[in-house]
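A.B. asks: here is a sequence together with a model predicted from it:
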Amino acid sequence: RQRQMCIRDRRRLLAEDRSVAASDELEDGLSLLLWRECAARIGDREGAMRMSRGARLVERVDAELRTRLNEHPRLDTIARVCGVSRRHLTRLYRREAGRSIHAQLNALRMQRAAVLLATSGLTVLQVAGEVGFENPSHFARAFRDCYGMLPSIFRSRAH
C-alpha cells in the first residue's frame, strides 16, 4: 500500500513537470529531460508489474519470431520455449495480439525487409532471403500486399 502511494505521488509530480519547468524557468532543458526519462522508467516498471500472462507470452513469442525471421519457425518449438502447448499458444496469442502468429511473423518480416531495402545495398533477392522467403515472387507479392508497392519501387522512393 505504501508503494502504491509512492507511485501515485511520483505520477502526480511527474504530471506537474511542465508547470514546475515553467514556474522555475529552468535554464537547461536537461532537468526536463531527466524528469521525462524518470516518468518513462516508472511507467515501464508499473506496466511490467501489471502485465498479464497472455501479454508476457505475446512478448516472448514476438522475441522468438524476431530471432528467427530468416527461418521457418515451428509452432511446436515456440510453444516448447514458452512452456505451453501448441494449441494454447495459438489461442492465447490470437486473443492477446488480435492476429495469428503466422500473420505476426509476416508483419515482422515485412518490417525488416523495408528497413533493409531502405538502408542496405542488398538486392531485392538478397533481402527476400534475409527475411525468410525462398521464392522472390512470393516475397514481392507479400511486400506489395503489406506496403502497396513492389520492393523495387519502395527502395527507389526511400532513396
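C.D. replies: That came in fine, so what should we check first? Small disclaimer: the values here were computed from a predicted structure and weren't measured.
A.B. asks: for the strand or helix carrying Arg141, give me every contacting residue.
C.D. replies: Using DSSP states H and E, Arg141 sits within helix 136-147. Outside helix 136-147, the residues that touch it by CB atoms under 8 Å, 6 or more residues apart in numbering are 106-107, 109-110, 113-114, 124-125, 127-128, 131, 133, 149-151, 154. Every C-beta, even on glycine, is put in place using the N, C-alpha and C of the backbone.
A.B. asks: narrow those residues to just the buried residues.
C.D. replies: The neighbour-count test (16 or more other CB atoms under 10 Å) marks 106, 109-110, 113-114, 124, 127-128, 131, 133, 151, 154 as buried among these.
A.B. asks: for those, work out which two are farthest apart.
C.D. replies: By the measure CB to CB, Asn106 and Val124 form the most distant pair in the buried ones among the contacts of helix 136-147, at 17.0 Å.
A.B. asks: and the end-to-end length of stretch 72-86?
C.D. replies: 16 Å (CA to CA, to the nearest Å).
A.B. asks: quick revisit: buried stuff in the helix holding Arg141?
C.D. replies: Those would be 136, 139-140, 142-143, 146-147, for helix 136-147 by 16+ other CB under 10 Å.
A.B. asks: which of the residues you listed sits closest to Thr90?
C.D. replies: Within these, the smallest distance to Thr90 is 20.9 Å, found for Ala142 (CB to CB).
A.B. asks: quick check, pLDDT for the closest one.
C.D. replies: Note for Ala142: predicted pLDDT of 94.
A.B. asks: and what of Asp9?
C.D. replies: So, for Asp9, pLDDT stands at 50.
A.B. asks: now do Gly121
C.D. replies: Reported pLDDT for Gly121: 89.
A.B. asks: can you check the one 3 residues further on too?
C.D. replies: Per-residue confidence for Val124 comes out at a pLDDT of 94.
A.B. asks: mind listing what it touches?
C.D. replies: 117, 136, 139-140, 151-152, 155.
A.B. asks: cool, and Gly121?
C.D. replies: Counting by CB under 8 Å, 6+ apart, Gly121 has no contacts.
A.B. asks: all helices of this structure, in order?
C.D. replies: Along the chain, the stretches classed as helices by DSSP state H are 2-15, 17-24, 29-50, 53-67, 75-82, 86-97, 101-119, 124-130, 136-147, 151-158.
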